[in-house]
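Asks: here is a sequence with its predicted model. Questions after.
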Amino acid sequence: MKNQHSSHLLLLLLATLFISTSGALGKFIDMPTPVIIWWRSIIAMVLLYGFCRFKRISLKISSKKHIPKTIISGLFMAAHWITYFYALKLSNVAIGMLSLFTYPIITTLLEPIFIKVKFDPIYIILGFMVLFGMYILVPEFNLENTHVKGILFGLLSALFYALRNILSKKLVAHYHSTSIMLYQLFVITIVLLPVMFFLETSGIKTQYPYVILLAVFTTAIGHTMLVNSLNHFTVSTASIISSTQPILGIIIAFIFLNEIPTVNTFIGGSIILATVVIESIRSRKIN
């Protein structure tokens, strides 16, 4: 049982690493945000569809009552990605990712309302530790620059992400995690298709290598693994453990975008990592 828990935890951390690339890629890719999300979705959707066919994963929706949940979860995912990328474009990778990572706190407050999960007060303590770590990490709040707008978009993205994860938790008991992600990508692709006729799309000719990286590693692999982890962890546990994403994202941005972290980055990052260690130990004992 402990070996299985360690394996599940390792896969969750690997998913976190893949998803962490979204910050640097979202900031770097030079195309309108909705266009980036559409290309990201359709490439990942085709890849996941091929994987489902290869693995003979059923794509049949077993109950009509699951259709609205599937569609809404896809809409929340689309809203999360769009607002998150706007946060990155308006500010920087650090602020964009850190404002997004209020979602563990939002999740802990919402999860008991939507899912029959007993509320654990420790999540509030750990959530505020994450929030405090992010507060230290944020360079400077200036109401006269675009960083504030970036933070607001990041907070909105956090709300959408928390709701998407909670709905995915409801679906993961009935469907394979890969098929759930495929359904959500299908919804995003259909909803955002009109933007391809109204926004500038020629940038894909030069940006396609980075869009493919975003679609394959960040989306198809990373997010599917994250959804799969909900089979073994509560949404709150998965959320808090994946709070290493800002740290990894800032490191990736430093390497590839030359966004230099400050001393506050190391202090705030240490606090966030402390919450991850605490929750990892707690979830190991519970499981």
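Replies: Received it, and whenever you're ready, just let me know what you need. Values in this document were obtained by computation on a predicted structure and should not be read as measured data. Residues are numbered from 1 along each chain as shown.
Asks: so Phe28 makes contact with Glu259?
Replies: No: look at Phe28 against Glu259 with C-beta atoms under 8 Å: they stay out of range, at 10.6 Å. Backbone N, C-alpha and C define where each C-beta goes, glycine included.
Asks: so which of these two has more stuff around it?
Replies: Glu259 (19 against 15; other C-beta atoms under 10 Å).
Asks: which one's the longest helix in the chain?
Replies: Longest helix in the chain by number of residues (criterion: DSSP state H): helix 2-28.
Asks: by contact count, what packs against the helix or strand that comes right after that one?
Replies: As assigned by DSSP states H and E, the chain's next helix or strand after helix 2-28 is helix 33-55. Applying 3 or more C-beta pairs under 8 Å, 6 or more residues apart in numbering; DSSP states H and E, one finds that helix 33-55 contacts helix 66-90, helix 177-192, helix 204-213.
Asks: pull out the buried residues from the longest helix of the chain.
Replies: The neighbour-count check on helix 2-28 (16 or more other C-beta atoms under 10 Å) flags 5, 8-9, 12-13, 15-27 as buried.
Asks: now find how far off-centre it is within its chain.
Replies: In terms of C-alpha atoms, centre = their mean, to the nearest Å, the centre of helix 2-28 is found 10 Å from the chain centre.
Asks: what mean pLDDT does it get?
Replies: Per-residue pLDDT over helix 2-28 has a mean of 86.
Asks: same check on stretch 168-177?
Replies: Mean pLDDT, stretch 168-177: 85.
Asks: packing partners for the longest helix of the chain?
Replies: helix 66-90, helix 93-100, helix 204-213, helix 224-229, helix 235-241, helix 245-257, helix 263-286.
Asks: Ile166 is nearest to which of the ones you listed?
Replies: Of all the helices and strands packed on helix 2-28, it is helix 235-241 that lies closest to Ile166, at 5.8 Å by C-beta to C-beta.
Asks: on that earlier part again, by how many degrees do the longest helix of the chain and helix 245-257 diverge?
Replies: In terms of direction (axes from the mean of the first three to the mean of the last three C-alpha atoms, to 10 degrees), helix 2-28 departs from helix 245-257 by 50 degrees.
Asks: on that earlier part again, mean pLDDT for the helices and strands packed on helix 2-28 - can I get that in CSV?
Replies: As requested, the helices and strands packed on helix 2-28 are exported to CSV (pLDDT from 0 to 100):
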stretch, mean pLDDT
helix 66-90, 94
helix 93-100, 84
helix 204-213, 94
helix 224-229, 80
helix 235-241, 72
helix 245-257, 89
helix 263-286, 73
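Asks: give me whichever of those helices is most buried.
Replies: Per residue and on average, the most neighbours among the helices and strands packed on helix 2-28 fall to helix 93-100, with a mean of 28 (mean count of other C-beta atoms under 10 Å).
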